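1. Could you look at this predicted model? Sequence included:
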Amino acid sequence: MMLSSIVWTALAALAAISITIRVLRGLRIGQQTPGAALCVACALLILSAFLARYHAVQKEDAERRFHAGLEARRQRELARADPTKQGTPSPPAVTTPAGILPRPLEPGTHRETPSHRAGPVRIVDYALDLSLFPDRHSLSARAEFTVVARMPIDRIELALSPEFRVHALHVNGAPVTFLHTNDLVSFPYRLREGKAATLAVRYSRRVSVPLLRAGDLIDPRGIYLRPESRWYPSVGELDFHAPLRLSARVPRGMTVVSSGQLVRKSVEASTVTFHWESIVPVRMICLAAGRYAHSRNADGPVAIETFLHPNHASRARAYQETVQRIVRFYASRFGAYPYPKLTIAEIPVFPGGYGSTALLLLTEKSFAEKEIPTHFLAHEIAHQWWGNHVAPQGLGAGWLSEAFAEYSAVLYQEHAGGPKALQEALAGLEARYQTRLREGTEEAIAETDPYDQSGAYEGTVYYKGAYVLHSLRCLIGEEQFRRLLRLFAERYGAGTARIADFEALAGEVHGKPLTWFFDQWLRRPGAPRLRVSVAKDGPRARLTVAQEGAPYRGEMQLLVTDGAGKTRHTLHLDGSLTRLTIPVRGTITRVELDPDRAWLFHTPQRVHSL
Ligand SMILES: [Zn+2]
C-alpha cells in the first residue's frame, strides 16, 4: 500500500509539473516569470501529495473496517459456541473448507461442480519451505509439489488466496506465465493421463494485517494457518491427500507445530527452522507457531504431544489423559487410530478448535477454564477418522465429516456418562437444530455445499445430521450400527467417500436397502411436525397422529398416561394420518411422543397434555 501511494504521488507530481510548464509556455508566461511557474507547480505537487495520502488513508480504513468486521463476527461466534462448557457444540470450524469459485447464495441452488469431486490432477507429494514474520504479519514461501493428471489436460488450476502474490511459477524447472484471479492461479499446460509434472511456486503475503481473510492469524501472539485461508497453492481441498515435508522459519523463541513428526530443528542467528515430515498422506496443511511448553504422553493407544502456552503448561497432563481415553474409545468403535501420533497445539483468538490430520488446534480459552471441554475435544478428535482418514466428497460432504464427528462425541458422552448423558446430548442436538433454523432456510443435507456454510448450515449438517445417525442406530440396532461405522472407516479409510457410499454400506450391513430412510432424512429438508388428538370410545381410545408436510416413515414409541398409569405403545408412521386404538382406564391425560428420543422433531413439543 505504501509503495502504491508513493508511485501514485510521483506520477501525479510529474503530470502536474508537465501540465504547468505546458500551460505556462502556452501563455508565454514561462520565460517571463519562472518564479510564478514554480509556485503553481509546487501548489499542484502539494495537492497531488494530499490526494495520494487521502487515497491511502481511505484504503487503510476500508481494510481496518473489513478486519474489524471479521473480528466482530469471530467474537459473536465465540460467544455463541463457547467450547469451554461441557456439551457445547463445536463451532463451524470445519474440515471441509471454503470454495475455489464463487458459490450461489440462494438455498437449494447448489449444484455439484468440479471442486466437489476429484479434480483433473492430483498432488502426490508436497514440500513447503516458508519463512514467517509475525511482527510484519507476513510470510514468504516456496512450494514444490508433483501433480499427476487423472485425465488428459491442457491447463492446470491451483487454489491460492488473492492475499498472496505469486512471484514465480515453474513447471519441470521452466518458468510459466500464469493468471492469478481471485482464488485461482491458472496456466496452460498439456499433460497426458497418468503423466506427472513438478511445480514450484514462490509467493508471499501481500497484506500486512494480523488476520487472514478466513480468520487465521500471523502475529507475535501466535500463528495458525488452515487450508480455509488458501495459504498454499493446491488443488481443491476435498481432493488433497499427499505426504508432506514442511520447513518453517520463525523468530527464535517460537516453535512451529505441524502434521507428522518433527525431524529436525536448525538454529540460525535470529531465527530457528523447524522441519516437519509426514510420510502418511495428510488431507491438508495446517500449522501453528507460538511460544510453547512441550510435553509428551505415550501411556495409551497413541503418542500424544502437547504444545501449550507456558501459563497453561500445568494442564498438559490432564488433557493428554482425556485425549487418550477418547482415542481408546474411538479405536474400540471405529478401528485403530489412523496416524502415528496426535499433536495438540494451543492457538489464540480462534473461536473453537480444528481437527486437521494428526494435529488439533485448540483455542487458549479451552485451557483457561478449570474443566476440560470433553465434548468439544471428542468432536475434534473424531475428525481423525471422519474428515481425515475417511475424506468426504460431493455435495453433502459436511455430513460425513461434521455430523459424524458430532455424533461420535455424543457416543463418547454416552460411554462416559451413561443413558442419562445420551438423553441430554440428544435434547441438546435437537434444541440447537431448532434454534439454528432461524439463521436461514434449511436445505436437504445431501444438497448442502461444504463450500458455503452460511445460513442454517450448522444447524442442519452438524445437529440434525448427528441426530440422523442416532435415528439410524435406533432403526438398525446397536450391533449393526457399530459394524457399519467400523466397516465404513475400514473400507473408505485413506480414501474418499460420498453419502451414496455410506448409504450403500448401511443397506449391505442391514441386509436390505435403506433408501427410504436416507430419502426422508438427507434428501429433503425438515423433520417431523406432529399433532396428536384422542377420541374416547368406551373402554378404548383412538389416537390420531397427523403429520404436517411430507410424511415420515418408521416406528415411533408413545407413552400414554391414563387413570391406571403409563403404558407404552408403538406407532407405525407411514402417511399423513396414523391411527392407533388402545385400551384405556379412565381418561387419557398425557401423550408423550418418542420418549426415548429416537426421532428428531421440528418443533420442541413432544408432550401433549389432554
Ligand atoms: Zn468439526
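-> In hand now; what should we look at?
2. rest of the way, CA atoms for contacts and neighbours
-> Fine.
3. low-scoring pLDDT stretches of the protein, where are they?
-> In the prediction, the chain carries residues with pLDDT under 70 at positions 1-117, 237.
4. what's the domain layout of it?
-> In the assignment given by automatic domain parsing, the structural domains of the chain cover 2-79, 118-384, 395-522, 530-609.
5. is it true that residue 465 lies in a strand?
-> No - read with DSSP: H, G, I helix; E, B strand; the rest coil, residue 465 is helix and lies in no strand.
6. Can you tell me the SS state at the residue nearest to it when sequence neighbours are not counted?
-> Spatially, and ignoring its direct neighbours in sequence, residue 465 is nearest to residue 403 (4.9 Å; C-alpha to C-alpha, 6 or more residues apart in numbering). When the structure is split into helix, strand and coil by three-state DSSP, residue 403 lands in helix.
7. Quick check, residue 403 in contact with residue 460.
-> No - if you go by C-alpha atoms under 8 Å, residue 403 and residue 460 don't touch, sitting 9.2 Å apart.
8. Tell me which of the two has more neighbours.
-> Relative neighbour count places residue 460 above the other of residue 403 and residue 460, with 28 against 25, counting by other C-alpha atoms under 10 Å.
9. my read is the more buried one is in a helix, agree?
-> Yes - residue state for residue 460 (three-state DSSP) corresponds to a helix.
10. Make sure it is actually in contact with residue 442.
-> Yes - using C-alpha under 8 Å, residue 460 is in contact with residue 442, at 6.7 Å.
11. How many residues are close by residue 299?
-> By the measure other C-alpha under 10 Å, the count of residues near residue 299 is 11.
12. can you pull the contacts of it?
-> Residues in contact with residue 299 (C-alpha atoms under 8 Å, 6 or more residues apart in numbering) are residue 324.
13. ok, 10 Å please
-> If you count contacts by C-alpha atoms under 10 Å, 6 or more residues apart in numbering, residue 299 has them with 320-321, 324.
14. Keep only those of the residues you listed that are in helices.
-> Among the contacts of residue 299, the ones falling in helices (DSSP state H) are 320-321, 324.
15. Neighbour-wise, which one of those leads?
-> Most surrounded of these: other C-alpha under 10 Å gives residue 320, at 24 neighbours.
16. Might one say that that residue is in contact with residue 301?
-> No - in terms of C-alpha atoms under 10 Å, residue 320 does not count as a neighbour of residue 301; the distance is 11.5 Å.
17. who wins for proximity to the ion among the domains of the chain?
-> The stretch from the domains of the chain with the least distance to the ion (C-alpha to the ion) is domain 395-522; that distance is 4.7 Å.
18. Can you give me the first-to-last residue distance of that closest one?
-> Here the two ends of domain 395-522 are set 11 Å apart, with distance taken as C-alpha to C-alpha, to the nearest Å.
19. and that domain, how far out from the chain's middle?
-> Between the centre of domain 395-522 and the centre of its host chain there is 16 Å, according to C-alpha atoms, centre = their mean, to the nearest Å.
20. before we move on, what about stretch 334-352?
-> Here stretch 334-352 is found 14 Å from its chain centre; the criterion is C-alpha atoms, centre = their mean.
21. which parts of it are buried?
-> Judged by neighbour count using 16 or more other C-alpha atoms under 10 Å, the buried positions of stretch 334-352 are 334-339, 341-352.
22. returning to that earlier point: what touches both of residue 403 and residue 460?
-> Where contact means C-alpha under 10 Å, 6+ apart, the residues bridging residue 403 and residue 460 through contact with each are 466-467.
23. Okay, and the nearest residue to residue 358 once chain neighbours are set aside sits in which element?
-> Leaving aside its sequence neighbours, residue 358 sits nearest to residue 342 (C-alpha to C-alpha, 6+ apart; 4.7 Å). Secondary structure assignment for residue 342, by DSSP states H and E: strand 341-347.
24. I'd like to know which elements the helix or strand just after that strand is packed against.
-> Reading on from strand 341-347 to the C-terminus, the next helix or strand found by DSSP H and E is strand 353-356. Helices and strands in packing contact with strand 353-356 are listed as strand 341-347, strand 359-363, helix 374-382; criterion 3 or more C-alpha pairs under 10 Å, 6 or more residues apart in numbering; DSSP states H and E.
25. Apply 8 Å and report the result again.
-> For strand 353-356, the elements it packs on are strand 359-363, helix 374-382, judged by 3 or more C-alpha pairs under 8 Å, 6 or more residues apart in numbering; DSSP states H and E.
26. So for residue 570, which of the ones you listed sits nearest?
-> When those are ranked by distance to residue 570, counting by C-alpha to C-alpha, first place goes to helix 374-382 at 32.7 Å.
27. tell me which strands and helices the closest one is in contact with?
-> Packed next to helix 374-382, using 3+ C-alpha pairs under 8 Å, 6+ apart, are helix 316-334, strand 353-356, helix 404-436.
28. ok, and does that helix reach over to the ion?
-> No - no part of helix 374-382 sits near the ion under the criterion C-alpha under 5 Å from the ion; the closest distance found is 5.8 Å.
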